[in-house]
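**Student:** sequence and predicted model, in that order:
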Amino acid sequence: MTVAARAAAARTALEPAPAVLRATAEILTSWAGTVVAGTRRAEQLDRRAVTLRRALLEAADAVELGETAVQFATGTAATAQADLAAAKAQHEEVRSELDRVLDQARALETAHRAEASRVEHRLRALGEPGAALGEAPGGAVNLADVTGGMARFSALGKELAASLARAPGPAVTPPSGAAAAFAAAVSQGGR
């Protein structure tokens, strides 16, 4: 196969690459937004859970104090009983709220895992034969073809470099730095 034919084959194999990259970027951009929103919500739930755990400890202390007051109450037993009932109700209310927050956190985790799985499947589908990509020639691309094309293009570049290195002409010592390399290339007629 000639160098020109190999270059044409490499170019053809790489044509779908921009569409694959655009589709990948779109998927990952969407995923990044999902992760940011999920992280924000998880932090809110965490802060709320920490606050509720503290309130639950305080409510448990109030229940314990109420029980102690009831045990040692003499003439004001009815007041102590009412205080104990109020402390138990408060404890139960805080526990219920904490349970709701923890359920929301578990639901958020489940949703995160499900979305991560969907993103993974979407990304994997980009490499499957017949995967629709919208802007790809023919509407389909095989990622293996793209990577194979890139490998052929790289091999072709290596061959071209070797051919140019064997071309007759004065030996060129590469200058240091990009500006020096550009100046040397221009002074030698673009070689």
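**Tutor:** Yes, it's here.

**Student:** hey, let's count contacts and neighbours off CA atoms from now on
**Tutor:** Noted.

**Student:** list the helices and strands the helix or strand containing Arg100 packs on?
**Tutor:** Element membership for Arg100, per DSSP states H and E: helix 77-125. For helix 77-125, the contact count by 3 or more Cα pairs under 8 Å, 6 or more residues apart in numbering; DSSP states H and E identifies helix 17-72 as packing neighbours.

**Student:** and the angle for the helix it packs on with helix 77-125?
**Tutor:** Helix 17-72 and helix 77-125 meet at an angle of 170 degrees, taking axes from the mean of the first three to the mean of the last three Cα atoms, to 10 degrees as the criterion.

**Student:** buried ones in stretch 74-90?
**Tutor:** Neighbour counts over stretch 74-90 (16 or more other Cα atoms under 10 Å) mark 80-81, 83-84, 86-88, 90 as buried.

**Student:** low pLDDT regions in this structure?
**Tutor:** Within the chain, the ranges that satisfy pLDDT under 70 run 9-16, 127-191.

**Student:** do that again at 80, thanks
**Tutor:** Within the chain, the ranges that satisfy pLDDT under 80 run 1-20, 74-76, 126-191.

**Student:** how much space between Met104 and Ala77?
**Tutor:** If you look again at residue 104, you'll see it is Gln, not Met. Distance of Gln104 to Ala77, computed by Cα to Cα, to the nearest Å: 40 Å.

**Student:** then His91?
**Tutor:** 21 Å.

**Student:** what sits up against stretch 73-92?
**Tutor:** 56, 59-60, 62-63, 66-67, 69-70 (Cα atoms under 8 Å, 6 or more residues apart in numbering).

**Student:** surely Thr24 is in contact with Ala125?
**Tutor:** No. Thr24 is beyond contact range of Ala125, at 10.3 Å (criterion: Cα atoms under 8 Å).

**Student:** next up, the contacts around the nearest residue to Trp31 once chain neighbours are set aside.
**Tutor:** Leaving aside its chain neighbours, Trp31 sits nearest to Val119 (7.1 Å; criterion: Cα to Cα, 6 or more residues apart in numbering). The contact partners of Val119, by Cα under 8 Å, 6+ apart, come to 27-28, 31.

**Student:** which among those end up buried?
**Tutor:** Using 16+ other Cα under 10 Å as the burial test, the contacts of Val119 include Trp31 as buried.
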